[in-house]
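Participant: Following is a predicted model, sequence given first.
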Amino acid sequence: MELRINNVTKNYRDKKAVNGFNAELGEGLHALLGANGSGKTTLMRMVCGLLKPTSGNITIDGVEIMAAGEGYREMLGYLPQNFGYYPNFTGWDFMMYLASLKGLPKTLAQERSSQLLEDMGLYTVRRKKLKTYSGGMLQRIGIAQALLGDPRVMILDEPTAGLDPKERVNFRELLAGFEKDRIIILSTHIVPDVEKIADDVMIMKDGRLVYQGTCCEDLEDLYLSFFSGKEER
């Protein structure tokens, strides 16, 4: 399976939020690093089909995602930076509600919800309301809902924002178990969140891809070099 981002640009009036972005992504975990405002969320929303590029296109196995329509959406799992939830829903009700929106039969929805809540360490609190969950718990149920349809493509936009260091470590360990047979794109501005688990790294600045390569020991120094006035590599 291959996801291609082909010279994608997104304009907002006179600003290019994404500017000629090119990447070929196979199965594995791909980190998208960039400072806030670098265009990561705009790019992720285009990969999800929520925004249409001003120019260029995005394909999955050679088929343009907009043309693939429902077929692409069925293979997609998405965790936006600020995902919406109903505070008075219990964890279980939330999962079952999202499963119904994804069109899962009730029995399968119950099986998937039970397993995912167990995997995320949330099964024992499934009857508690979401408004009582910690930030880390909410992020975990966000991942759980993204996995409901057993997606082949997962898009995680700043999933560790607001988490404390311990919760971020737990989150990284959790993600490391979900790479097999999936394309995962994780956007973040926090290098330690991805340096030990990502198969490759893309660095984005001012809407452009300025670096793509494998993780390396000096990843943080490399990342910072693009935002400290040093010459780009």
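Facilitator: Received it, and whenever you're ready, just let me know what you need. Quantities reported herein were computed from a predicted structural model and do not represent experimental measurements. Numbering: from 1, shown residues only.
Participant: Now name the helix or strand holding I203.
Facilitator: strand 200-205 (DSSP states H and E).
Participant: Any chance you could list what contacts that strand?
Facilitator: Applying CB atoms under 8 Å, 6 or more residues apart in numbering, the contact partners of strand 200-205 are 21, 23, 28, 30-35, 38-40, 43, 194, 209-215, 219, 222-223, 226-227, 232. Yep, even glycine has a C-beta here, placed from its N, CA and C like the rest.
Participant: which among these end up buried?
Facilitator: 21, 23, 30-34, 38-40, 43, 194, 209-212, 215, 219, 222-223, 226 (16 or more other CB atoms under 10 Å).
Participant: From those, which land in helices?
Facilitator: K40, L43, L219, L222, Y223 (DSSP state H).
Participant: give me the low-pLDDT residue ranges for the protein?
Facilitator: Scanning the chain with the threshold set as pLDDT under 70 gives 162, 178-180, 215-217, 228-233.
Participant: Name the residue closest to the centre of it, please.
Facilitator: Central residue of the chain (CA atoms, centre = their mean): L156, 1.3 Å from the mean position.
Participant: other SSEs contacting whichever strand or helix holds it?
Facilitator: For L156, the element it lies in under DSSP H and E is strand 153-157. Packing contacts for strand 153-157, counted by 3 or more CB pairs under 8 Å, 6 or more residues apart in numbering; DSSP states H and E, involve helix 40-47, strand 76-79, helix 135-146, strand 183-188.
Participant: could these go into TSV alongside distance to D199?
Facilitator: TSV is the format used below for the helices and strands packed on strand 153-157 (distance: least, CB to CB, whole Å):
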stretch	distance to D199
helix 40-47	17
strand 76-79	18
helix 135-146	18
strand 183-188	9
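Participant: nearest to D61, of those?
Facilitator: Nearest of the helices and strands packed on strand 153-157 to D61, taken as CB to CB: strand 183-188 at 10.6 Å.
Participant: Show me the contact partners of the longest helix along the chain.
Facilitator: Using DSSP H to define each element, the chain has its longest helix at helix 106-119. Residues outside helix 106-119 that contact it (CB under 8 Å, 6+ apart) are 91-92, 95-96, 99-100, 104, 123, 126, 141, 144, 147-148, 150.
Participant: export the residues you listed to TSV and tack on distance to L116 and neighbour count?
Facilitator: Shown next, in TSV, are the contacts of helix 106-119 (distance: CB to CB, whole Å; neighbours: other CB atoms under 10 Å):
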residue	distance to L116	neighbour count
G91	10	27
W92	11	18
M95	7	24
M96	11	19
A99	10	22
S100	15	12
L104	12	19
Y123	9	16
R126	10	17
I141	9	24
A144	4	23
L147	6	19
L148	7	20
D150	10	13
